[in-house]
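[1] Predicted structure and sequence below. I'll ask about it afterward.
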Amino acid sequence: MPSPRPQYFQQNLFLELNHVCFLLPPNLWLIRGVKLPTREKLSLLIHSFPRHSSVKADEAASTAPFHLDLWFYFTLQNWILDFGRPIAMLIERSPRTLPRSMIYVSIITFIMGASIHLVGDSVNHRLIFSGYQNHLSVRENPIIKNLKPETLIDSFELLYYYDEYLGHSLWYIPFFLILFMYFSGCFTPTKTESVMPGAALLLVVPSGLYYWYLVTEGQIFILFIFTFFAMLALVLHQKRKRLFLDSNGLFLFYSFAITLLLVALWVAWLWNDPVLRKKYPGVIYVPEPWAFYTLHVSSRH
């Protein structure tokens, strides 16, 4: 039984997380065939997460089977909705118990960032239909630079900042943090269990392709490469303890490896593009797919 919490804490948490209830895994939406109200769903979400504890030897010895349904829905729903809806399932099935405080903060931040991004993205797509060109900066766009009064341009730049920087940071930092925490528990002492089943092999390429889109369109290469190297360092560290990745850990690690390969090929292909080079002048040059689309695809039509 979970320990009782102060009433004011639960009320504030309900107010903050009221719109995160759709993240519940399907098996928690119905109890005995009765659909739960929003408040009860949220309460069940809060109390369903285990308390934080250190990884024990018996936890390391037990190997979880490959979660085909989790990774299938994770890949499919991310592609269709461009949103990490199964994130609660990821937390629920994490082999390593996560701190509740981290879960609360991560979900709140995740929803805030995703909301900011979706609002900015919806405005951006409407601007594209009006002639906005993603390969140009906000002030250089033909439909923006002639706006009167000029303070309207500042408003569009602020919207761009909220979408591309603030929204993406609030969205992707907890997203990758939860992925890494899940990954840190995906180890087994049995080397024979460190193998991916056939279903995982079919999903690993679409999963890597999705993360490629996430990294390039979200402009989060630094966050991605930091997470990948942290995963690699953890694998090498656990190998000294004779612990090996299980099927879920291998799936996630190979998905990230494929993503890194796709990003490298993408950058190499567009390395000498002068227009995109002007749009992304920094040391890290990772063009956005939508910028490529408006420059080389939609302009031909």
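    Yes, it's here.

[2] Any stretches of the stretch 201-301 of the chain with poor pLDDT?
    Counting by pLDDT under 70, the stretch 201-301 of the chain contains low-confidence residues at 299-301.

[3] Now do the helices in it.
    In the stretch 201-301 of the chain, the helices defined using DSSP state H, counting those that start in this stretch lie at 221-240, 247-269, 274-279, 289-292.

[4] Would you mind pulling the contact partners of the first one?
    The reference is to helix 221-240. 172-173, 176, 179-180, 183-184, 187, 211, 214-215, 244-245, 252-253, 256-257, 259-260, 263, 284, 286 (C-beta atoms under 8 Å, 6 or more residues apart in numbering). The way it works is simple: take the backbone N, C-alpha and C, and place the C-beta from them, glycine included.

[5] again, only using 6 Å
    Residues outside helix 221-240 that contact it (C-beta atoms under 6 Å, 6 or more residues apart in numbering) are Tyr172, Phe176, Phe180, Phe183, Phe187, Val215, Phe256, Ile284, Val286.

[6] out of the residues you listed, which one sits closest to Ser298?
    Val286 (20.5 Å; C-beta to C-beta).

[7] returning to what we had before: got CSV for the helices of the stretch 201-301 of the chain, with mean neighbour count and distance to Arg100 too?
    Shown next, in CSV, are the helices of the stretch 201-301 of the chain (neighbours: other C-beta atoms under 10 Å; distance: least, C-beta to C-beta, whole Å):
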stretch, mean neighbour count, distance to Arg100
helix 221-240, 15, 22
helix 247-269, 18, 22
helix 274-279, 14, 42
helix 289-292, 18, 37
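
[8] re the thing from before, just the buried ones out of the contacts of helix 221-240, please.
    Applying 16 or more other C-beta atoms under 10 Å to the contacts of helix 221-240, the neighbour count classes Tyr172, Phe176, Phe180, Phe183, Phe187, Val215, Phe256, Val286 as buried.

[9] So which of those residues sit within strands?
    For the buried ones among the contacts of helix 221-240, membership in strands holds for Phe187, with DSSP state E as the criterion.

[10] Can you list the low-confidence ranges for the stretch 1-150 of the chain?
    Scanning the stretch 1-150 of the chain for pLDDT under 70 picks out 1-62, 77-86.

[11] Kindly provide the distance from the residue nearest in space to the middle of the chain to Gly185.
    The chain has Phe175 as the residue nearest its centroid, 4.2 Å off, counting by C-alpha atoms, centre = their mean. Separation of Phe175 from Gly185 (C-beta to C-beta, to the nearest Å) stands at 17 Å.

[12] re the thing from before, closest to Ile144 out of the contacts of helix 221-240?
    Val286 (23.6 Å).

[13] Who are the contact partners of that closest one?
    Applying C-beta under 6 Å, 6+ apart, we find Val286 in contact with Thr216, Phe221.

[14] and with 10 Å instead?
    Val286 makes contact with 215-222, 224, 263, 266-267, 270, 276, 280 under the criterion C-beta atoms under 10 Å, 6 or more residues apart in numbering.

[15] send the alpha carbons of stretch 135-147 over as CSV?
    Once side chains and other backbone atoms are set aside, the C-alpha atoms of stretch 135-147 remain, and they are given as CSV (Å, rounded to 0.1, in the frame of the first residue of the first chain):
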residue,chain,number,x,y,z
HIS,A,135,14.9,27.0,-45.0
LEU,A,136,15.0,30.8,-44.3
SER,A,137,15.1,32.6,-41.0
VAL,A,138,12.0,34.3,-39.7
ARG,A,139,13.0,37.8,-40.7
GLU,A,140,14.1,36.6,-44.2
ASN,A,141,10.8,35.0,-45.1
PRO,A,142,8.9,36.9,-47.8
ILE,A,143,5.6,36.7,-46.0
ILE,A,144,7.1,37.9,-42.8
LYS,A,145,9.6,40.6,-43.6
ASN,A,146,7.0,43.0,-45.1
LEU,A,147,4.6,42.8,-42.2
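
[16] For that stretch, list every residue counted as buried.
    For stretch 135-147, burial by neighbour count (16+ other C-beta under 10 Å) applies to His135, Leu136, Val138, Asn141, Ile144.
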